[in-house]
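**Student:** for reference, the sequence and a predicted model appear below.
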Amino acid sequence: MKKGERKTIELGGRSFPSKTALQESIKAVLHGAGIGVPLTGDDAIFIRALLDQHPTADQKVSCGVASIHVINASYGTRCFYIVRTDGTGTDFSYACCLNKRMHGTTWKVVADAFREAIRDQTFAIRDAAFADASVLTCPVLGIPFTEYESSVDHIAPDTFDVLFRRFVDQEQLDWVQAVTPSVDNQQFRQVADPIVLARWRAFHQTHARLRVISTKANLQLGTGLGRRNQSTS
C-alpha cells in the first residue's frame, strides 16, 4: 500500500473504503431485514463475521450460532439477535463490534463516567440505610459496620458491569464517543449526550438491585474498590 492510501476494510467477504462505509452497510442490513426473520445469504455471512469482532464474542456465541435475526429494541430502535444452537439467545451491539477496545483502559474510563453518573442513586441507598441506625450488620459477612466502613453493592448477577454492558448493547452505543474529553483537575469524565445520560439513569434506576455492605465484604467480593461509598462492579 502506498503512503497516504487508506487501508481497505475487509469483513465477511465485503470490502469497504472506510469505517463509515462499513457502518452504513451494517445499518442497511439492520434496517432492511424483516423483524424476527433469520438473515440469509451474504447478509448472514456478513453479520456473522461482524459478530466475531465483538469484544465478548466467545461469550455471545457460546455453544454456537444457529441464526441471526433483527429484533425491535427500546426507543423504537433495532438490534441484532443471536439464536444459539442450544435454543438460547442474546442480542449484540454492532457499535461494540466496531470499537473492539472494550477491555482496555478506554472501556474503564467510560464505565467510570457512567458509574459516576448514577452516584447519587447509590448515595440514596446508603443514606436511607443509615437514616435510623449508626451501625448495620453486613449481609455478606455478618459483621457490624458503620457508614464510614460501608460500600454500596450491585447484587449479582446484575452487577454494575453487567448492567452497563447491557445498556451499551441495548442502545447500540458508540461507547468510545460516549464521554467528554479529559480535562485538567477532573477525576472522572462525563457522559457527553444528555439524552443518553437520562436514559442510562432511568435504566439503572429500574434494573439495579442495590444493598449496603461492609467495605471488607466489598473487597472480598473481588471488586478491588473498597473505598467508602463506592458501588461495586
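**Tutor:** Noted; the coordinates are in hand. Residues are numbered from 1 along each chain as shown.
**Student:** show me where this structure has helices.
**Tutor:** 19-32, 41-51, 57-61, 94-98, 105-117, 119-129, 160-171, 194-207, 215-220 (DSSP state H).
**Student:** quick one: contacts of the helix or strand bottoming out on mean pLDDT in the chain?
**Tutor:** Comparing every helix and strand of the chain by mean pLDDT, DSSP states H and E singles out helix 94-98 as the least confident one, with a mean of 82. The contact list for helix 94-98, computed with Cβ atoms under 8 Å, 6 or more residues apart in numbering, reads 19, 22-23, 26, 30, 50-51, 53-55, 80, 102, 168-169, 172-175. From N, CA and C alone the C-beta is placed, and that goes for glycine too.
**Student:** at 10 Å what do you get?
**Tutor:** Helix 94-98 is contacted from outside by 9, 11, 19, 22-23, 26-27, 29-30, 47, 49-57, 60, 79-80, 102, 107, 165, 168-169, 171-178, using Cβ atoms under 10 Å, 6 or more residues apart in numbering.
**Student:** which among those residues end up buried?
**Tutor:** Buried members of those, counted by 16 or more other Cβ atoms under 10 Å: 11, 22, 26, 29-30, 47, 50-51, 54-55, 57, 60, 79-80, 102, 107, 165, 168-169, 171-173, 175-176, 178.
**Student:** for the nearest residue to Arg201 once chain neighbours are set aside, give me its contacts.
**Tutor:** Sequence neighbours aside, Ile118 is the residue nearest to Arg201 in space, at 6.0 Å (criterion: Cβ to Cβ, 6 or more residues apart in numbering). Neighbouring residues of Ile118 by Cβ under 10 Å, 6+ apart: 160, 163-164, 197, 200-201, 203-205, 208, 210, 231.
**Student:** hmm, 8 Å instead?
**Tutor:** 200-201, 204-205, 208, 231.
**Student:** I figured Ile213 hits Ile143, correct?
**Tutor:** No: between Ile213 and Ile143 there is no contact under Cβ atoms under 8 Å: 10.0 Å.
**Student:** neighbour count winner among the two?
**Tutor:** When Ile213 and Ile143 are compared for neighbours, Ile213 comes out ahead with 24 against 12, by other Cβ atoms under 10 Å.
**Student:** grab the nearest non-local neighbour of that one.
**Tutor:** Asp153 (4.8 Å).
**Student:** right, and Phe164 touches Ala111 too?
**Tutor:** Yes: using Cβ under 8 Å, Phe164 is in contact with Ala111, at 5.7 Å.
**Student:** follow-up on the earlier one: please check the contacts of Ile118 and keep the buried ones.
**Tutor:** Of these, these count as buried by 16+ other Cβ under 10 Å: 200-201, 204, 208, 231.
**Student:** which one of these is nearest to Val191?
**Tutor:** Proximity of these to Val191, judged by Cβ to Cβ, is greatest for Trp200, which lies at 6.7 Å.
**Student:** tell me the contacts of the closest one?
**Tutor:** Taking Cβ under 8 Å, 6+ apart, we find Trp200 in contact with 114, 117-118, 167, 191.
**Student:** deepest-packed of the helices of the chain, please.
**Tutor:** The highest mean neighbour count among the helices of the chain, using mean count of other Cβ atoms under 10 Å, belongs to helix 94-98: a mean of 22.
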